[in-house]
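**Student:** Attaching a predicted model along with its sequence, questions to come.
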Amino acid sequence: MFLTRFIYTSRPTFVIRPPDVCPKLKSLYEAGLAHNPANGITGVLAIDSGRFVQALEGSRSDVSRTIQRIIRDDRHTDIELVCMEEVSCRAFEDWAVAFLAPDDLPECEPVHAGDTGTMPSDALMQRLIRIRETGVIACRSVTPDLRAGAA
């Protein structure tokens, strides 16, 4: 089995005002928390500079099925692939959903990523890790087999 990481950005089709959780956003992250761990998918979904930024990790087939579901979801549009690659281990051992909280970021971290379309994938990946660690809202669902990095 190949462990695959897929990173994309998209634009929400509804207004998001952190730290408020609107019903559409709540339904979006609840869907991820319900589907992804059960399907061997880990990752992070962040809202940064008015865009969704998501990394998904899992088997190639599980990630592909998840991507197909995401593409059909009308809660976002303008999906842009950042990267899809085979990886040796998971960077996100749990599933997390987080708002970027500018006041909680370290001083050295820019408050806004700017145009995520111009960021190299490794820089965006590092930003996702920092957003997850400093998000105002973080929901996690961890299963023992995924903690160990198995898929």
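**Tutor:** Great, that's in hand.
**Student:** in what helix or strand does the closest residue to residue 73 other than its chain neighbours lie?
**Tutor:** The spatial neighbour of residue 73 that comes closest, neighbours along the chain excluded (CB to CB, 6 or more residues apart in numbering), is residue 28 at 7.7 Å. For every residue, glycine as well, the C-beta is placed using N, CA and C. Secondary structure assigned from DSSP states H and E places residue 28 in helix 23-35.
**Student:** Run the chain-centre distance for the helix or strand following that helix.
**Tutor:** Sequence-wise, the next helix or strand downstream of helix 23-35 (DSSP H and E) is strand 42-48. Chain-centre distance of strand 42-48: 2 Å, with CA atoms, centre = their mean, to the nearest Å.
**Student:** quick one: the helices in this structure?
**Tutor:** In the chain, the helices defined using DSSP state H lie at 23-35, 60-72, 121-134, 144-147.
**Student:** Return the member of those helices having the minimum mean pLDDT.
**Tutor:** For these, mean pLDDT drops lowest on helix 144-147, to a mean of 38.
**Student:** In this protein, where is pLDDT below threshold?
**Tutor:** Residue ranges of the chain with pLDDT under 70: 17-21, 96-118, 135-151.
**Student:** what about 80?
**Tutor:** The chain contains residues with pLDDT under 80 at 1, 16-22, 25-26, 29, 47-50, 94-119, 130-151.
**Student:** Which elements pack onto the helix holding residue 28?
**Tutor:** Applying 3 or more CB pairs under 8 Å, 6 or more residues apart in numbering; DSSP states H and E, one finds that helix 23-35 makes contact with strand 42-48, strand 95-99, strand 138-141.
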